[in-house]
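In: Let me see the structure of the following:
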Amino acid sequence: MESPPGILFMMKGGDMAGGKINFDYLIRFDLVRERIAEIPDEAENACFYPDFFIKNAEYILKVIDTFDRYTLDEIGSVSITDLKARNMINYSDVLPENYDNSYSNPDYADEKLGIYGGILSFVSAELQMLPAIMYGHGKKTDDDICEMEEALILMELFVYLYGLFCGETKPTLKDVEKQIYYHAFDYIETIAGNRMYETLTPNYDCIANEIIYGADLSNPNYLFMYGEYISDTEIKLSEFLSRMSEEEIDDLAKVYTDGFRRGFDVMGVDFTGKKTVNIRYHLGQERIVRAAVKRFASMGLEPIFAKCATSRLVRRGVVRSGYESSSVNMQFEYDHRLDDRFFLDAKFVKRRLDATKDFYEGLKDEAAVYAGPAVIETFGEELFSPVVKDSVEGYTEEQQKLSVEMMNKLGMISNKYLPGDSYSFTIIAFPLPDIGDDFENIFRETARINTLDNDTYIKIQQSIIDVLDVADVVKVEGMNGNETDIAVKMRKLENPDKETQFENCTADVNIPLGEVFTTPVLKGTKGLLNVSKVYLNGYSFENLKLHFEDGVVKDYSCDNFIDDMNDSLGHDDTEAAIKGKRYIKENILFNHEFLPLGEFAIGTNTTAYTMARKYDILEKLPILIVEKTGPHFAVGDTCYSHAEDHKVYNPDGKEIISRENDFSLLRDTEPEKAYFNCHTDVTIPYNELGRLYTVDCDGNETDIIVEGRFVLPGTEALNTALD
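Out: The predicted structure is shown next:
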C-alpha cells in the first residue's frame, strides 16, 4: 500500500517533499523537537484548536527535558521530593484529579474538539506513553537517539497533524483518520518487531538491567530511573523489602525459581539447551528479582526484562505484560482499550500477521532457547469498576470479528515458533502496600502460604481425585444468595489403573499450591455459574452470571451498571443490562460470541481462604490465589492449550487424559477454530458454596464439600484452617 508523503514534518513556512525522507535519526529528532518548540508561541494564530496542540507540545518538551536524567551513581543523592516532581511532570495530565480536563479523556476531547475528539484523544493518549518509551533503553547519549525510534515517530505524527490543522480550512475527519491509519500501517512492523525482540532477547542496555544489576536497592530513588509512573505504592514496597534480611529475600526468590524449574519436570518438558527466562515484576520488587536472577544463573538462564507494551498498535485491552508500576489512572486505560478501532481493518491485520511471522523467523534461534516467563504478580490495589462513556465508540461488528481473528492467528504463529510443549512458566503473587495497614502481615502470611508442603496436599487431593475419576457428573450448588446450579460432565476412564481425569496440582507453575483440575466434557455440561463479587482481568464484576449449555457460555449478565433498585428489577433491554453485557463480552469473552468451559477445578487451599477472610481481602486476591479457595470454572482455552499431544502424569504415575475438548480437537484440521487465546477463572468462594458432589453412572452421590466445609474422608485436615 502506498502511503502519503510522510508523517515527517511540515517545516515552518514550507511543505513536504514527496515520498519518504530517510533522515538520520539524530537529525530527525532535532528537527522535530525544534518544530514542536515553535508550536506554543505560534499555534494561537496559526491553527484550529490551538489549545490541544499547545498543551501537547508543552508536554512533549517537558518529557524531553526530564529525559536528561541522572545516572545510577547520581540519583541516590537527589531529594526524593525533586524526583517525584519530575515524575509528576510526565503523568500529571492523566491523574484522576486532572483527568476531567485532559484531552486524553474522550469526554473532554469530544466537548472541546467536536468531531475530531475521539481520534485526537487517541493521539493525546499515545503521547502519554513517551516517558516509558524514552527511558526504557537505559542511559542515552546524543549518539544513541536512534534507540528512541518509537518516540520519534509519535512526535512526527503530532507535528504532521498540527500541519493539517494549520490550513485555511479545517481538514476533513477523513483526512485525519487517514493519517492515523497510515501511521499505524507504516509502523506496525517497527512496533511489533521491537516488542518481539524485547521479549525474546536479553537486552543488556535496558534500564531494568542497569537497575537489577547495579542500583543501590536500599534507596528507593532508583525507581525514578524507569520513567514509569512512580507512586507511593512502589516507594513503600521497595522500602519494605529493603528492610528484609538477605536470607528472607533469598527464601522468596527460591520458592519462585524452584517452582519455575520444577514446572519442566512436572510437565515433562525438556530443559536441555534453555538459556533465557523472561522475568516480569512490579516496580519495587527489585530485591526479589535480583536474588532470582542469581538463582536462574545457576540454572544456566539469562534474564530478559521487557517493559509493558506502550503503543496501542500492539497492546491488547488493558493487559500489561512486562515489568510494570501502578496504573496512573485505570479509567484512562479503560477509555483507550479499544483505540485500535481507528486503524483495525483487514489490511492492517494482514500486515501485522506478516510482520510477526517474519520477525519470529528472524528470532527462531532465540525462541528455541527460551525457557518461558517467570511472573511475580501483585494484588491489593483498589478495585476498579469503570465508567462506560458514550464518547468511546466500540468496535464495529466487522472489527470484533477481525480482532478475534487476529488474536487467533497471532497465537497460531507464536505456537509454531514457541510450541506450548517446549517451554514452561511460573507465577507467584505478593501484596502491594495499597492493601491497607496490615500490608506487612499480609505479605508475610502470603509468603507462608506460598511454601505450604506439597507432599501433604498431594495425598489430600488424591482422595478427591479418586472420587472424581468415577463420576459421571460433578454438581455445584451455591448458598447465601449465590444462585449457582451447574452440572459438569466427566469422561469415562477406559483404563482407570493407568489413567486419571484430574491433575494433582501443587506448587510449581502456579504458586501457591492447592487444586485439582480437568478439561471437562462440553456436551452435558450445563447450568448457571454465579458469584456475588469477583475481580477479573483488572475489572470488578458484581453479581456475575454465566449461563452454560453443552459447555458453552450462551448468556451472561452483571449488575455493575445498575444505578438504583428500580433498574435492578428491569429486563435485558434496560440500559444497565446492555452495558453489563458489553462489559462482559469485552473483558471476559474478549469479543468472542461465545466461549467454552475450558477448565473445571476444585481449590483446596483453605489456609489462603482463611487469610483472606481474616483481613477481609478476598475480593482483592489475584486469580492465582483465589482460584485455590473454592471450585473454579475457566472460560476459554484449556490448561493444556497448544500442548494436548504432550503426555502429562500425576505423582502417582497415572496419565492425565483430559487434556482437550471439542474445540481443541480441531487443531490439526481447522486450527482457526481450535483456540480462543484467553482463559479466565471464575471462583465460588467457600462461603458461597452450598454443596459440591459427584454423581456416578448409577445415580450414587458422594459429597466433597457441604456448606463450605470438606466432608470427603481423607480431606478433613483442610478444615483445620477454616476452624
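
In: Now the element after the helix or strand bottoming out on mean pLDDT in the chain, going C-ward?
Out: Ranked by mean pLDDT, DSSP states H and E, the weakest helix or strand in the chain is helix 565-568, scoring a mean of 44. Using DSSP states H and E, the next helix or strand after helix 565-568 towards the C-terminus is helix 575-587.

In: List the buried residues in that next one.
Out: For helix 575-587, burial by neighbour count (16 or more other C-beta atoms under 10 Å) applies to 576-577, 580-581, 583-587. Yep, even glycine has a C-beta here, placed from its N, CA and C like the rest.

In: Tell me which residues of the top helix by length along the chain come out buried.
Out: In the chain, assigned by DSSP state H, the helix with the most residues is helix 173-200. Within helix 173-200, the residues scored as buried using 16+ other C-beta under 10 Å are 176-177, 179-189, 191-196, 198-200.

In: can you check stretch 517-533 too?
Out: Buried-residue list, stretch 517-533, by 16+ other C-beta under 10 Å: 517-522, 525-532.

In: CSV please, covering those and showing pLDDT.
Out: CSV is the format used below for the buried residues of stretch 517-533 (pLDDT from 0 to 100):
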residue, pLDDT
F517, 97
T518, 97
T519, 97
P520, 97
V521, 98
L522, 98
T525, 98
K526, 98
G527, 98
L528, 98
L529, 98
N530, 98
V531, 96
S532, 94
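
In: Farthest pair within those?
Out: For those, the farthest-apart pair by C-beta to C-beta is V521 and S532; their separation is 28.2 Å.

In: Outside of stretch 182-202 itself, which residues are in contact with it?
Out: Applying C-beta atoms under 8 Å, 6 or more residues apart in numbering, the contact partners of stretch 182-202 are 1, 3-4, 7, 149-150, 153, 157, 203, 206, 209, 276, 278, 302-304, 306-307, 309, 311, 313-314, 322, 340, 342-343, 347-348, 351-352, 355-356, 359-360, 363, 366-367, 370.

In: Just to be sure, N504 is in a strand?
Out: Yes. Counting by DSSP: H, G, I helix; E, B strand; the rest coil, N504 is located in a strand.

In: start at 688 instead
Out: Got it, the first residue is 688 from now on, which makes the last one we talked about N1191.

In: partners of it in the sheet?
Out: Beta-bridge partners for N1191, by DSSP bridges, are V1203.

In: what's the single longest strand in this protein?
Out: Counting residues, the longest strand found in the chain (DSSP state E) is strand 1208-1223.

In: Quickly run through the sheet partners of it, with directions.
Out: Counting by DSSP bridges, the strands paired with strand 1208-1223 are strand 1172-1176 (antiparallel), strand 1226-1236 (antiparallel).

In: before we move on, the earlier item: in TSV: the buried residues of stretch 1204-1220, plus distance to D1349.
Out: Formatted as TSV, these follow (distance: C-beta to C-beta, whole Å):
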residue	distance to D1349
F1204	18
T1205	15
T1206	10
P1207	11
V1208	9
L1209	5
T1212	11
K1213	15
G1214	18
L1215	21
L1216	19
N1217	25
V1218	26
S1219	31
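
In: Nearest to L1097 among these?
Out: Within the buried residues of stretch 1204-1220, proximity to L1097 (C-beta to C-beta) peaks at T1206, which comes in at 23.1 Å.

In: mind checking how far the closest one is from K1220?
Out: Using C-beta to C-beta, to the nearest Å, one gets 27 Å for the distance from T1206 to K1220.

In: And for A978?
Out: 36 Å.

In: Equivalent analysis for L848, please.
Out: L848 sits 43 Å away from K1220, taking C-beta to C-beta as the criterion.

In: ok, and the closest non-adjacent residue to S1101?
Out: Y1047 (7.3 Å; C-beta to C-beta, 6 or more residues apart in numbering).
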